[in-house]
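Engineer: here is my input; please provide its structure:
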Amino acid sequence: MLATSFLVAAPVAQARITQIQILARGTAFGGHSFAGVGQYEFITGIASGEVDPKNPQNSLITDIQLAPKNAQGHVVYQHNFYILQPLDPSKGNHKMMYEPPNRGGKTYQTLNNTPTGTNDPQALTDPTVLDDSFLWTRGYITAWSGWENNLGPLTGLVATALLPIVGTDPNNPVTGPGYEYIVSPGATYTLTYPAASADQSKATLTHRVHLDDPPQVVPASAWVYANGTSPVDGSAIPNGAIKLSSGSFVANDIYEFSYTAKNPTVNGLGFAAIRDFNSFLRFSSHDDFGTPNPIRGHIDRIYTETSSQPARTLNDFVHLGFNEDESHRQVFDGMMQWIGAGDGINMNYRWSQTKRTNRNRQELLYLEGLYPFANVPTFDPISGTSDWRYRRCEETHTCPLATEFYSANEFWVKAGSLMSTDPTGRFDLPDHPLTRNYLLSSKQHGGAGNPTSKGLCQQFLNPLDSAPVQRALWTDLDEWSTGGIQPPASRVPLLRDHTLVPPNQSSVGFPSIPGVTYTGLKTTRYRFNMGPDFYNTFVPTINPPVFVPNYEDNPANGRIYPSFVPKTDSDGNDIAGIRLPELVVPLATYTGWGLRSGVWANDGCEASGQYIPFQSTKASRLTAGDPRPSVQERYPSFGDYRARVVNAVDNLVRERFLICDDTQDIVNRLLQAGITAGVPAPTAGENASAPDPVPACRGRMPPNHHYHLIYDPDAGQGSGKP
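Structural biologist: Numbering: from 1, shown residues only. The predicted structure follows:
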């Protein structure tokens, strides 16, 4: 009996979450009950963890050896968490969706088909909304936890962590080169790390309007150091901000501030926080103080859901081996990686800033695009090394299945092609057997844009919606994990079939549309020079790297990893990838890239894409000089348009890129969009409505259930196989 008790206790000690404190627990969703699942409960709290810096699994965390340690020689951290689970675990599906939030905010709503903008999902009470949700109607546990430092108080709903400062002597702080990129308005800007002193001679503030304008030094008389404010407790941080002597920073102009900073934090501990919290939930019975694990025994599988920044976080998480816990068990079974593509996170090096992201105008000098970019082995001639993201987990047999799903924007403003080409840009890479790569063709970054607004861009924003495809790919991932059913083959543009090309207009094939500027602006991936020993120590002595205009494709700024973009059809819509019905039966051109308007004209419009409608009639097209056929030239009747829309949706279901739950709304929306755009109205003899459901879903749509058609090449008449 004694031996058995030690065996039970060992996982608790190894998981490295030493204590959980429950802050709130109660019935979620106002008591709403989901059919077949019942009610949910919510749990919020704070987790305390510690890691042994001598453990090889932790020693690769930059600066972990220099962090303060407790009596056991361990480094301590804390983070908050939020959990929703069925009140009756037997009615759940014993699977958990875990999301490491994006800058503290939950982004699961796109996948879940619930309203955005809340960090307190249990507060949703509308029964119609809840019964249309994707995850809770299927019995998923959903969980979130903090992993980024100092985003707010641990008692709040923003996901955050408290990570230690490097160094143990507050009178002799660690200092080094700090760098801030500023495009936000206001007279005061809070620094990521406080300045080591108020000596302005050791700092430089510059200003420019366009990306490639020469930076102009702002005189020291025009700015001063000021106190910052702690997001954790509101206390003052001396020299934690800079303030203009008069006026405000001009919104969307570019300011850069280089200075001597102090008190770097051990940001790489965020990887351990993700690993150890999920390991605790999955394997431990209680914490070191006897507090029970609130979902012990309720999880058979954990899948991650990410959007953008946390997808890049989990790219590095896997590459650094954190999907193996300290008891050498696999943490995540599957990962749904939306819009992370080939990049990592600004995290596991000194003076890193996790909230930053590179795009073709913003934050280009933060270390995000770091080799390796792909899941399969490649050789990097710039660094002279061979590596791949799945190298460590292959050695320990802890690799997750992964659905790498990204927008066309990642090819233009990042370097999405490096995920599927070698670092020299000469050949396509094979799939890793545990991963698939999917481009959502012509999609902008993130959610659907407002097609009636241009924002800061030259064209209307791209309204293509990733959500239905995300739900289908999540289902594919689950079927892959639980049933061994292989997901659809990867769909990305390729060098070998010439659907992946250089960004110049003739190669891309983008049409010359009146009023639309095409420059081919694309982010370049360099291997930064951040000091002579940086890639061994990950402690920069040069920060930021020295750059000179032009920023893009300039060999003077270092050796370049070639990257490419998707080729388009004659309408300007991407050829390769998962093509939504809006591209198969188009009413407009959609792009993953955009350009700014106003005084910043032709600089990149970052995450935004473009929506450029077709002319409605041939006469208006000829008057405008638009080379793209008009709506009425394409679709001679409503019946013709309707048949094409239904067929496009039906094909995506058969290809397993849509689930039946989503098809009817898509068809109805597109039929109305066609009439609005100029498709002839239905005649008396034409059916104006959509089939309910589309052919692939007929007889297969009980409420809140999903089906896929699985193609068996051996099936057929007389085979006896369905």
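
Engineer: so who does Pro42 touch?
Structural biologist: Small correction: residue 42 is Phe, not Pro. Residues in contact with Phe42 (Cβ atoms under 8 Å, 6 or more residues apart in numbering) are 24-28, 82-84, 121-122. (Glycine included, C-beta is placed from N, CA and C.)

Engineer: which of those residues lies closest to Ser327?
Structural biologist: Ile83 (21.9 Å; Cβ to Cβ).

Engineer: remind me what the helix or strand hosting the closest one packs against, helices and strands.
Structural biologist: Ile83 belongs to strand 75-86 when assigned by DSSP states H and E. Counting contacts by 3 or more Cβ pairs under 8 Å, 6 or more residues apart in numbering; DSSP states H and E, strand 75-86 packs against strand 38-51, strand 141-145, strand 161-162, helix 269-283.

Engineer: partner strands of that strand, parallel or antiparallel?
Structural biologist: strand 38-51 (antiparallel), strand 141-145 (antiparallel), strand 161-162 (antiparallel) (DSSP bridges).

Engineer: quick one: name whatever helix or strand follows it.
Structural biologist: strand 95-99.

Engineer: need the contact partners of that following strand.
Structural biologist: In contact with strand 95-99 (Cβ under 8 Å, 6+ apart) are residues 106-108, 111, 135, 139-145, 278, 281, 295, 298-306, 310, 332, 478.

Engineer: give me the buried entries from the contacts of Phe42.
Structural biologist: Among these, those classed as buried by 16 or more other Cβ atoms under 10 Å are 28, 82-84, 121-122.

Engineer: contacting residues around Val75?
Structural biologist: By Cβ under 8 Å, 6+ apart, the neighbours of Val75 are 50-51, 53, 64, 67-69, 164, 266, 269.

Engineer: which residue ranges form the helices in the stretch 551-700 of the chain?
Structural biologist: 581-584, 618-624, 631-634, 638-654, 660-677 (DSSP state H, counting those that start in this stretch).

Engineer: where does pLDDT dip in this protein?
Structural biologist: When residues are selected by pLDDT under 70, those of the chain lie in 1-15, 700-722.

Engineer: where exactly do the helices run in the stretch 351-500 of the chain?
Structural biologist: 391-396, 409-413, 467-483.

Engineer: highest mean neighbour count out of those helices?
Structural biologist: Of all the helices of the stretch 351-500 of the chain, helix 409-413 carries the top mean neighbour count, a mean of 28, counting by mean count of other Cβ atoms under 10 Å.

Engineer: sorry, back to before: let's have the helices of the stretch 351-500 of the chain in a markdown table, adding distance to Ile560.
Structural biologist: Below are the helices of the stretch 351-500 of the chain laid out as a markdown table (distance: least, Cβ to Cβ, whole Å):
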| stretch | distance to Ile560 |
| --- | --- |
| helix 391-396 | 24 |
| helix 409-413 | 16 |
| helix 467-483 | 32 |
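
Engineer: these: which one's closest to Asp661?
Structural biologist: helix 467-483 (7.4 Å).

Engineer: how far is that closest one from where the chain is centred?
Structural biologist: Centroid separation between helix 467-483 and its chain, computed with Cα atoms, centre = their mean, to the nearest Å, is 17 Å.

Engineer: which secondary structure elements does the helix or strand that it is followed by sit against?
Structural biologist: Per DSSP H and E, helix 467-483 leads on to strand 500-501 as the next helix or strand towards the C-terminus. Contacts defined by 3+ Cβ pairs under 8 Å, 6+ apart place strand 500-501 against strand 565-566.

Engineer: sheet-wise, list the partners of the strand it packs on with their directions.
Structural biologist: strand 500-501 (antiparallel).

Engineer: show me how far the partner strand is from its chain's centre.
Structural biologist: 23 Å.

Engineer: other residues contacting that strand?
Structural biologist: Residues contacting strand 500-501 (Cβ under 8 Å, 6+ apart): 417, 420-421, 428, 492-494, 507-508, 564-567, 576.

Engineer: likewise for stretch 109-124?
Structural biologist: Contact with stretch 109-124 is made by 28-29, 40, 42, 82, 84, 97, 101, 104-108, 129-130, 132-136, 142, 157-159, 305, 307, 336, 338, 447, 466-467, 470-471, 474, as judged by Cβ under 8 Å, 6+ apart.

Engineer: what about it, how long is it end to end?
Structural biologist: The first and last residues of stretch 109-124 sit 12 Å apart, counting by Cα to Cα, to the nearest Å.

Engineer: Pro86 bridge partners, please.
Structural biologist: Tyr40.

Engineer: ok, back up a step: generate a PyMOL selection restricted to the buried entries among the contacts of stretch 109-124.
Structural biologist: Buried subset of these, written as a PyMOL selection, criterion 16+ other Cβ under 10 Å:
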select buried, resi 28+29+40+42+82+84+97+101+104+105+106+107+108+130+132+133+134+135+136+142+157+158+159+305+307+336+338+447+466+467+470+471+474
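
Engineer: now intersect the contacts of stretch 109-124 with the strands, please.
Structural biologist: Using DSSP state E, the members of those that fall within strands are 40, 42, 82, 84, 97, 142, 305, 307, 336, 338.

Engineer: go through these and say which is closest to Tyr255.
Structural biologist: Looking across the ones in strands among the contacts of stretch 109-124 and measuring by Cβ to Cβ, the closest to Tyr255 is Ser307, at 28.0 Å.

Engineer: wait, doesn't the closest one sit right on Gly446?
Structural biologist: Yes. Using Cβ atoms under 8 Å, Ser307 is in contact with Gly446, at 7.2 Å.

Engineer: list residues touching both of the two?
Structural biologist: Joint contacts of Ser307 and Gly446 (Cβ under 8 Å, 6+ apart) are Ile339.

Engineer: what number of residues lie near the nearest residue to Phe81 once chain neighbours are set aside?
Structural biologist: What sits nearest to Phe81 in space, not counting adjacent residues and going by Cβ to Cβ, 6 or more residues apart in numbering, is Ser145, at 4.1 Å. One way to gauge burial is a neighbour count; for Ser145, by other Cβ atoms under 10 Å, it gives 24.
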